[in-house]
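1. I need the structure of the sequence given here:
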Amino acid sequence: MSTVLKPKPMMKARGARTEGPSAWMVVPALVFFVTFAVVPLLGVVFLSFTNWNGLGAITWAGLESWQTALTDSVTMNALVVTLKIMVFSLLVQVPISLLLGVFTAGGQRYRAVLAVLYFVPLLLSSAAVAIAFKALLDPNFGMGPGLGIPALAQNWLGNPDLVLFVVIFVIAWQFVPFHTLIYQGGVRQIPASFYEAAQIDGAGRMQQFFHITLPQLKYTIITSSTLMVLGSLAYFDLIFILTAGGPGYATRLLPLHMYLTGFRANDMGAASALGVILVVIGLGLALILQRLGGRNRSASQLEGA
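-> As a prediction, this is how the structure comes out:
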């Protein structure tokens, strides 16, 4: 019998380049991140220990700016307002965007047409949205007097008991389409065989939603919720134009309070301290939400299905 000689595997030479992208490819992004994120953040941390009015000389103040920021009752109120907007935004936007995302993920043509209408607010800037709603909600010349409906002719933006809910509604109107798009993409990645097997077993639409769709959207929900939470720490232009933080301090959330402290009160030290607090809160909440996804967050959603 003739023996078949198997070719010996070739040994890689020492120093030979391995296949795959080079680590040098991340250098441009790393330089960009350090230049426009890390360096400005370090500058803000430094300014938080100084006294500066934005024009004159910068003087060292130690913890004075931090003491001013943390002992101010307006800062505590801004933290509470920010927390309220964060919580209510999650409670409103998550279920609405999730249901709309599941609905628009269907293959029917009318759903595609409705999806286009849902995504129109994504084309508008926050400033344009704020100006439009400010005009519509005007108690004298807005939607209520124009339509002759007394119930709508209220001072929506001047009533401290109503203005926060109006702001949350406007925020949801603008950003629900974005999160709907995220959920739509997540639903379309779920294999159709899951639903076919469930139909064979006699599962209805509601059972399929709670036992297939929701579990498979676990990481999508965490990602969307993280964006909502971090977005609630960055709302500025919409609220600044819509209410300017009023009436009183009813809608003066932390980013707006930081701006007014720095550029209206001319206290850049305290404003920088507020900026550092914002960064710390944002990083902490982002880490907590990512931890909710488990240790292996990058694992496929299909595992264990």
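
2. buried residues in the worst-scoring helix or strand of the chain on mean pLDDT, which are they?
-> The weakest-scoring helix or strand in the chain, judged by mean pLDDT, DSSP states H and E, is helix 109-118 (a mean of 81). Within helix 109-118, the residues that qualify as buried are A115, Y118, counting by 16 or more other CB atoms under 10 Å. For every residue, glycine as well, the C-beta is placed using N, CA and C.

3. from here on, count from 11
-> All set: I'll call the first residue 11, so the last point we hit is now helix 119-128.

4. for it, name the packing helices and strands.
-> helix 83-114, helix 173-198 (3 or more CB pairs under 8 Å, 6 or more residues apart in numbering; DSSP states H and E).

5. got the contact list for stretch 163-180?
-> Applying CB atoms under 8 Å, 6 or more residues apart in numbering, the external contacts of stretch 163-180 come out as 91, 94-95, 98-99, 102, 139-140, 143-144, 147, 149, 152, 154-155, 248-249, 252-253, 256-258, 260-261.

6. quick one: buried ones out of these?
-> 91, 94-95, 98-99, 102, 139-140, 143-144, 147, 152, 154, 248-249, 252-253, 260-261.

7. re earlier: tell me the angle the least confident helix or strand of the chain makes with helix 83-114.
-> 160 degrees (axes from the mean of the first three to the mean of the last three CA atoms, to 10 degrees).

8. run through who's touching helix 119-128.
-> L110, F113, T114, A115, V186, P187, T190, Q194.

9. ok so, going back, mark which of the contacts of stretch 163-180 are part of helices, please.
-> 91, 94-95, 98-99, 102, 139-140, 143-144, 154-155, 248-249, 252 (DSSP state H).

10. just those now: which is nearest Q226?
-> Nearest to Q226 among the ones in helices among the contacts of stretch 163-180 is V102, at 23.2 Å by CB to CB.

11. the closest residue to the closest one other than its chain neighbours: what's it in contact with?
-> Of all residues not flanking V102 in the chain, A182 sits nearest, at 4.9 Å (CB to CB, 6 or more residues apart in numbering). Going by CB under 8 Å, 6+ apart, A182 touches S99, V102, Q103, I106.

12. what's the pLDDT at A182?
-> Looking at A182, its pLDDT is 94.

13. list the buried ones in stretch 215-230?
-> Buried, per 16+ other CB under 10 Å, within stretch 215-230: I222, T223, Q226, L227, Y229, T230.

14. just the endpoints, please. Distance across that stretch?
-> This stretch, stretch 215-230, spans 20 Å end to end (CA to CA, to the nearest Å).
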